[in-house]
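# I need the structure of the sequence given here:
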Amino acid sequence: MKIAFVGKGGSGKSTMSSLFVRYLQRQAKRRVLAIDADLNMNLSGLLGVEVSHRKLLARPDVAASIRMHLKGTNPRLTDIERFLPTTPPGTGSNLISDADDPAVAPYAVPIASQPAINLLTVGSYDTDGIGQTCYHSHLFVAENLLSHTVTNSHFAVVCDMVAGTDSFAYSLHLQFDAIILIAEPTPESVEVCRLFLGLARDSGVDSLVAVVANKVVDDEDLLYIRQALGQEPLAVVPLLSSLKKARQNGKPVDAELVENHLQQAMKAVERKGEMPAITAAERMEMLRKLHLKLNSKQWVQQGYGDVADQIDPDFLHPGYAISQSRPEKAGALV
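Model (predicted):
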């Protein structure tokens, strides 16, 4: 199960990501790899840990280390510098299959030990990159990790995504079993949600997207979101003053908050992730098509050369073993 939380900046997607991590911790049945792919890097504070700058995935040395592991003996990747965000795994590639996989363990911050919950953080701009870098290029390594990760009934990935519609820049929108779109009862939030839903339809992943209504005070708030988006939310999360006060006092979110107020909402999110509307095989085919599309861009040809041969037509992703009935079987790879 790979689940992403998306939405307008400030809508509560980082908070919802952290609450879902705490929910999974409370369930104690899955090891979890949490990924903070947001420019603002709020997930660590919400989960009550600090992340050293040396562990940020966007650091060139960290990204190179991870890509070297992912490359494995894949003969189609002669140079890790040729990794694009859409580069798919192939024969010989090493796949991430646990929350403390040796490839990511040196850069992960532990949140819990039983079961293991680890946090990876992409990182933000640094001083040297001001005026000459794009945050999307920082996300390339996260996209490589996600496309080379295989989850199962005992291992999940939870990602706090970039704000707004930025996940459609490259391949992030293709990497998940469920995309949870956070909607506040405000014009600005629902407009971003409408844009996101439209892009999801255009890219063929709309069946993966579910809306969660957040910061709902009364029935009018809920009606506003329903009418603005033309659909029933998967779950409704009330405006929680206790959560606001806890964060004002510097306290992280905890499992007790989930247990007391959000159990039903978190369960609905979990069910969405457990029954993906797109199989691993379908997702891989979409990634390959996007890779070929990216390969046609002039900047790719000039900077990376022709990368069409990175696609291995004989590679069988472990997730292909899943039947079209979706992964309800214990241990099924997704």
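
# do you know how far the nearest residue to residue 26 once chain neighbours are set aside is from residue 22?
Of all residues not flanking residue 26 in the chain, residue 255 sits nearest, at 4.3 Å (C-beta to C-beta, 6 or more residues apart in numbering). Every C-beta, even on glycine, is put in place using the N, C-alpha and C of the backbone. Distance of residue 255 to residue 22, computed by C-beta to C-beta, to the nearest Å: 4 Å.

# cool, residue 101 as well?
Going from residue 101 to residue 22 by C-beta to C-beta gives 22 Å.

# would residue 41 count as being in a strand?
No - under DSSP: H, G, I helix; E, B strand; the rest coil, residue 41 sits outside any strand and is assigned coil.

# was I right about it contacting residue 121?
Yes - contact criterion C-beta atoms under 8 Å: residue 41 and residue 121 qualify, at 5.8 Å.

# so between the two, which is more surrounded?
Using other C-beta atoms under 10 Å as the criterion, residue 41 and residue 121 rank with residue 121 on top: 26 against 17.

# ok, back up a step: the more surrounded of residue 101 and residue 22?
residue 22 (26 against 18).

# go ahead and confirm the residue nearest to residue 26 touches residue 21.
No - in this structure residue 255 lies outside contact range of residue 21 using C-beta under 8 Å: 9.4 Å.

# these two: who's more crowded?
Set side by side, residue 255 and residue 21 show more neighbours around residue 21, with 27 against 16, by other C-beta under 10 Å.

# find me the pLDDT at the more buried one, would you?
Listed pLDDT for residue 21 reads 95.

# what about residue 19, how many neighbours?
Residue 19 is flanked by 26 other residues according to other C-beta under 10 Å.

# check residue 263 too.
For residue 263, the neighbour count with other C-beta under 10 Å is 12.

# which non-adjacent residue is nearest it?
Excluding its sequence neighbours, the residue lying closest to residue 263 (C-beta to C-beta, 6+ apart) is residue 23, at 7.6 Å.

# any buried residues in stretch 109-121, and which?
For stretch 109-121, the neighbour count (16 or more other C-beta atoms under 10 Å) marks 109, 111-112, 115-121 as buried.

# can you lay out those as CSV showing pLDDT?
Formatted as CSV, these follow (pLDDT from 0 to 100):
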residue, pLDDT
109, 95
111, 93
112, 86
115, 87
116, 91
117, 93
118, 96
119, 97
120, 97
121, 95
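
# format those residues as a markdown table; extra columns: secondary structure.
Below are the buried residues of stretch 109-121 laid out as a markdown table (three-state DSSP):
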| residue | secondary structure |
| --- | --- |
| 109 | strand |
| 111 | strand |
| 112 | strand |
| 115 | coil |
| 116 | coil |
| 117 | strand |
| 118 | strand |
| 119 | strand |
| 120 | strand |
| 121 | strand |
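
# nearest to residue 80 among these?
Closest to residue 80 out of these is residue 120 (18.3 Å), distances taken as C-beta to C-beta.

# reduced to three states, what does the nearest residue to the closest one once chain neighbours are set aside come out as?
Ranked by C-beta to C-beta, 6+ apart and with sequence neighbours excluded, the top spatial neighbour of residue 120 is residue 35, at 4.9 Å. Counting by three-state DSSP, the backbone at residue 35 sits in strand.

# ok, residue 35 to residue 41 distance?
Applying C-beta to C-beta, the value for residue 35 to residue 41 is 11 Å.

# measure stretch 225-244 end to end?
One end of stretch 225-244 sits 22 Å from the other (C-alpha to C-alpha, to the nearest Å).
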